[in-house]
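Visitor: all I have is the shape, not the residue letters:
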Ligand SMILES: *Cc1c(COP(=O)(O)O)cnc(C)c1O
Ligand SMILES: [Zn+2]
């Protein structure tokens, strides 16, 4: 039997796997732990004989064989080798791990598959989250699949249209808040126990267990450990999860090394980057975070301590990028490679460019950028400024001339 428990990352207090708790009594973040030593030895061949999705790596997920798993076939996303983008970046060996290919269009699905599987096991009455959009869309879909009531709280002014539509159509009860994501999370968190719903924000460590599988997939697909793994950072859950995945692979000798974790934030919402760069011992929240990349428009990342471990332990890097750099990277990725991502996801590419230019990333090494969300999520006219379509009347002469001159451009 697989031994699974929850453990505080600060005081190392231990809680049972089925105890519903979002923080330790000491205030520390909780982590799900699996007794890796107790696992029978597993190999890449074992994994590769199974379907390519999150559940391929079942031994490393915190469940027993007889569990009812809630899955929409999440994970198993493409890893694209990007030569044209690599030229633009000035790098030799660049890959995009395209998380936009997940069932609801973001990596959140990896975590929700595991999170909702856990919710069913505990036997919850309902689930809830605060969300900039993708968490809501994903939670809505997985609770629909499981038949569990779902309530989401999103910031009214900034939630992307595609994400809002998803949450509504997947059947969640959608509540809009006149306020920021950070306010939404703090409010939801305070009421979930009273209302009797299970909180599935990334403070919930079970979600991160699903999200860590992207690390397994990168090695599975690449056949080696890349030197750098670059990803956008918002609430700091995903970078922590991905690092946990790499550490666990190394612990059971599936790999011999681990990558440098590289976290990218937007300039207007960069409390984590500032924390790392300025070396404070605690996070200084940003009251009014602002960026076009709404998925990382977060001023008070809840998992900053785990993320700080990830960057420090991996000898990693951080950088912040402007909205203009994010938009440029989104366009380059789309027009050079045919890979469509939402702005937050493009931050990983924008950050890679910046870190190569200033010499912090060695451009001769293998770089994997995780592109976290799909282009269709956020049809914001701001993003195509200067690229607007030409409008014509139904006149053949005119259209011929327009086509001919366009081809010459
Ligand atoms: C959630 C999300 C992020 C940020 O992940 P965190 O775990 O909050 O750091 C980045 N990009 C996209 C597209 C997301 O949906
Ligand atoms: Zn503790």
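Guide: Looks like it came in fine. Model, not experiment: these values are computed from the prediction. Residues are numbered from 1 along each chain as shown. Ligands and ions are numbered 1, 2, ... in the order given.
Visitor: from here on, contacts and neighbour counts on C-alpha atoms
Guide: Fine.
Visitor: which positions in the chain make contact with ligand 1?
Guide: The chain comes close to ligand 1 at residues 106, 134, 232-238, 295-296, 344-345, 372-373, as judged by C-alpha under 6 Å from any ligand atom.
Visitor: hmm, 8 Å instead?
Guide: Taking C-alpha under 8 Å from any ligand atom, the part of the chain that reaches ligand 1 is made up of 106-108, 132-135, 202, 231-240, 295-296, 301, 342-345, 371-374.
Visitor: which of these fall in strands?
Guide: Per DSSP state E, strands hold the following members of the residues of the chain next to ligand 1: 231-232, 371.
Visitor: please tell me which one of the residues you listed counts the most neighbours.
Guide: Using other C-alpha atoms under 10 Å as the neighbour criterion, residue 232 leads those with 32 neighbours.
Visitor: what sits against that one?
Guide: Residue 232 is in contact with 263-265, 296, 344-345, 347-348, 370-372, counting by C-alpha atoms under 8 Å, 6 or more residues apart in numbering.
Visitor: next: residue 70.
Guide: Residue 70 sits in contact with 113-114, 116-117, 142, 145-146, where contact means C-alpha under 8 Å, 6+ apart.
Visitor: confidence score at the closest residue to residue 225 other than its chain neighbours?
Guide: Nearest residue to residue 225, sequence neighbours excluded (C-alpha to C-alpha, 6 or more residues apart in numbering): residue 219, at 5.5 Å. At residue 219, the model reports a pLDDT of 98.
Visitor: let's have the chain start at 691 instead
Guide: Sure, I'll start counting at 691 from here, so that last one is residue 909.
Visitor: how many residues are close by residue 909?
Guide: Neighbour count of residue 909, defined by other C-alpha under 10 Å: 17.
Visitor: that one sits in which helix or strand?
Guide: If you go by DSSP states H and E, residue 909 is part of helix 903-912.
Visitor: which neighbouring elements make contact with that helix?
Guide: strand 769-771, helix 927-941 (3 or more C-alpha pairs under 8 Å, 6 or more residues apart in numbering; DSSP states H and E).
Visitor: and residue 1085, how close does it get to residue 1092?
Guide: For residue 1085, the distance to residue 1092 equals 11 Å [C-alpha to C-alpha, to the nearest Å].
Visitor: more crowded one of those two?
Guide: Higher neighbour count among residue 1085 and residue 1092: residue 1092, with 13 against 8, using other C-alpha under 10 Å.
Visitor: tell me the secondary structure for that one?
Guide: Three-state call for residue 1092 (DSSP: H, G, I helix; E, B strand; the rest coil): helix.
Visitor: local confidence estimate at it?
Guide: At residue 1092, pLDDT is 97.
Visitor: what does the one 4 residues further on give?
Guide: According to the per-residue confidence, residue 1096 scores 96 in pLDDT.
Visitor: how far away from the center of its chain is whichever strand or helix holds it?
Guide: Assigned by DSSP H and E, residue 1096 falls within helix 1086-1098. How far helix 1086-1098 lies from its chain's middle: 43 Å, per C-alpha atoms, centre = their mean, to the nearest Å.
Visitor: contacts for that helix, please.
Guide: For helix 1086-1098, contacts defined as C-alpha under 8 Å, 6+ apart pick out residue 1082.
Visitor: what residues of it count as buried?
Guide: In terms of neighbour count (16 or more other C-alpha atoms under 10 Å), helix 1086-1098 has no buried residues at all.
Visitor: for the nearest residue to residue 857 once chain neighbours are set aside, give its distance to residue 1037.
Guide: Spatial nearest neighbour of residue 857, chain neighbours left out: residue 827 (4.3 Å); criterion: C-alpha to C-alpha, 6+ apart. According to C-alpha to C-alpha, residue 827 stands 21 Å off from residue 1037.
Visitor: who has more neighbours, the two?
Guide: More neighbours surround residue 1037 than the other of residue 827 and residue 1037, with 37 against 28 (other C-alpha under 10 Å).
Visitor: hmm, residue 957 and that one touching each other?
Guide: No. Taking contacts as C-alpha atoms under 8 Å, residue 1037 lies outside contact range of residue 957: 10.5 Å.
Visitor: name the residues contacting each of these two.
Guide: With C-alpha under 8 Å, 6+ apart as the test, residue 1037 and residue 957 both reach residue 1011.
Visitor: got a list of what the closest residue to residue 996 other than its chain neighbours touches?
Guide: Residue nearest to residue 996 in three dimensions, not counting chain neighbours: residue 930, with 5.5 Å by C-alpha to C-alpha, 6+ apart. Contacts for residue 930 (C-alpha under 8 Å, 6+ apart) come out as 898, 993, 996-997, 999-1000.
Visitor: and stretch 806-816, average pLDDT?
Guide: For stretch 806-816, the mean confidence score works out to 97.
Visitor: same question, stretch 833-845
Guide: Regarding stretch 833-845, the rounded mean pLDDT is 98.
Visitor: number of residues surrounding the closest residue to residue 889 other than its chain neighbours?
Guide: Using C-alpha to C-alpha, 6+ apart and skipping the chain neighbours, the partner closest in space to residue 889 is residue 818 (5.1 Å). Per other C-alpha under 10 Å, the neighbour tally for residue 818 reads 25.
Visitor: elements contacting the helix or strand containing residue 818?
Guide: Assigned by DSSP H and E, residue 818 belongs to strand 817-820. The helices and strands touching strand 817-820, judged by 3+ C-alpha pairs under 8 Å, 6+ apart, are helix 824-836, strand 840-845, helix 871-885, strand 888-889.
Visitor: residue 1073: which of these is closest?
Guide: For residue 1073, the closest of these is helix 824-836, at 18.5 Å, according to C-alpha to C-alpha.
Visitor: pull the residues that contact that closest one.
Guide: So helix 824-836 is contacted by 760-762, 794, 796, 798-799, 802-803, 806, 810, 817-820, 839-840, 842-844, 853-854, 856-858, 860-862, 890-891, 985 (C-alpha under 8 Å, 6+ apart).
Visitor: can you select the buried ones from the residues you listed in PyMOL?
Guide: Here is the PyMOL command that selects the buried residues among those (16+ other C-alpha under 10 Å):
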select buried, resi 760+761+762+794+796+798+799+802+803+806+810+817+818+819+820+839+840+842+843+844+853+854+856+857+858+860+861+862+890+891+985
